[in-house]
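Visitor: need a structure here:
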Amino acid sequence: MRKLYSIVKTGGLCCALGLALTSFSLDAKETRIDPVLSKEISKTKNHWQEFRSINGECCMKFPKYPDHLSEKLRLPEIGFDLKYDAYISAIDQKTTFLLLIAQYPDFVDQTYANKNLEGFVEGLLKHNPGLTHELSLVNGHTVLDLFICKEGMYFKGRALMVKNSFYLMAMECEAQYYDEASYKIFIDSFELMR
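Guide: Presented below is the predicted three-dimensional model:
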């Protein structure tokens, strides 16, 4: 769990805060569920718990009820504070799941979404040159799917920004314990409530 938090905090979240970072567009394409995984997913899906964020803006399934961390970052160079909540759950000591919600001030809106996602990628790339990523369209929202393999660890996730909220869902595990079915349950269960 410590590695997951450090990847998010040093490699990505802080860079995602720079709203006016380099902006370049990528074409989004619709994502479809892989039918090969459907049997395997349905076997383990029933054991997961649905969870709603503290403010009720989204829900998601976790392998067990997540721990909650909350922090407010002061950003004097940008002129506002950023509040974020992190929900962390683990199947075992080897596989950790994270939902991070960063709340920007009200003046930040959907027009910043692509800039913020691209800034997030740039920050991750700076610290993780082996990052692979792809923009796609899921439920009408542009999402960034990303994958990092570093020092025998996998970090796979999805980021999106809706209005003034930035969401990062991710799974971290040792490479030999990677389970695509668990990842799909987690990612596909994300639902916006507002």
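Visitor: List the buried residues of stretch 80-95.
Guide: Buried residues in stretch 80-95, defined by neighbour count with 16 or more other Cβ atoms under 10 Å: 82, 84-91, 95. In short, each C-beta sits where N, CA and C put it, glycine included.
Visitor: for that stretch, the distance to its chain's centre please.
Guide: Stretch 80-95 sits 10 Å away from the centroid of its parent chain (Cα atoms, centre = their mean, to the nearest Å).
Visitor: What of stretch 55-63?
Guide: Distance, centroid of stretch 55-63 to centroid of chain: 13 Å (Cα atoms, centre = their mean).
Visitor: Stretch 172-188 too?
Guide: For stretch 172-188, the separation from the chain centroid amounts to 13 Å (computed by Cα atoms, centre = their mean).
Visitor: tell me which residues in it are buried?
Guide: 172-173, 178, 181-188.
Visitor: In helices only, show me those residues.
Guide: The helices, defined by DSSP state H, take in 181-188 from the buried residues of stretch 172-188.
Visitor: got TSV for those, with pLDDT too?
Guide: Below are those laid out as TSV (pLDDT from 0 to 100):
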residue	pLDDT
181	95
182	95
183	96
184	96
185	96
186	97
187	97
188	96
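Visitor: Format those as TSV; extra columns: distance to residue 117.
Guide: Shown next, in TSV, are those (distance: Cβ to Cβ, whole Å):
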residue	distance to residue 117
181	26
182	24
183	20
184	21
185	24
186	20
187	16
188	19
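Visitor: And these, which is closest to residue 143?
Guide: Closest approach to residue 143 among those (Cβ to Cβ): residue 187, at 9.3 Å.
Visitor: May I ask you to confirm that that closest one is in contact with residue 167?
Guide: No. Residue 187 sits out of contact with residue 167 when judged by Cβ atoms under 8 Å, with a separation of 11.1 Å.
Visitor: what helix or strand is the residue most central in space within the chain on?
Guide: By Cα atoms, centre = their mean, the chain has its centre lying nearest to residue 168, at 1.9 Å. Take DSSP states H and E as the rule and residue 168 turns out to sit in strand 165-174.
Visitor: Residue 65: what secondary structure?
Guide: Three-state assignment for residue 65 (DSSP: H, G, I helix; E, B strand; the rest coil): coil.
Visitor: What is the neighbour count of it?
Guide: Residue 65: 10 surrounding residues under other Cβ atoms under 10 Å.
Visitor: Now do the same contact list for it.
Guide: Residue 65 makes contacts with 49, 51, 89, as judged by Cβ atoms under 8 Å, 6 or more residues apart in numbering.
Visitor: Among those, which one lies nearest to residue 105?
Guide: Closest approach to residue 105 among these (Cβ to Cβ): residue 51, at 26.0 Å.
Visitor: so what does the strand ranked longest in the chain touch, helix or strand wise?
Guide: Longest strand in the chain, counting residues (DSSP state E): strand 80-92. Packed against strand 80-92, as judged by 3 or more Cβ pairs under 8 Å, 6 or more residues apart in numbering; DSSP states H and E, are the following elements: helix 2-6, strand 58-62, strand 67-75, strand 95-103.
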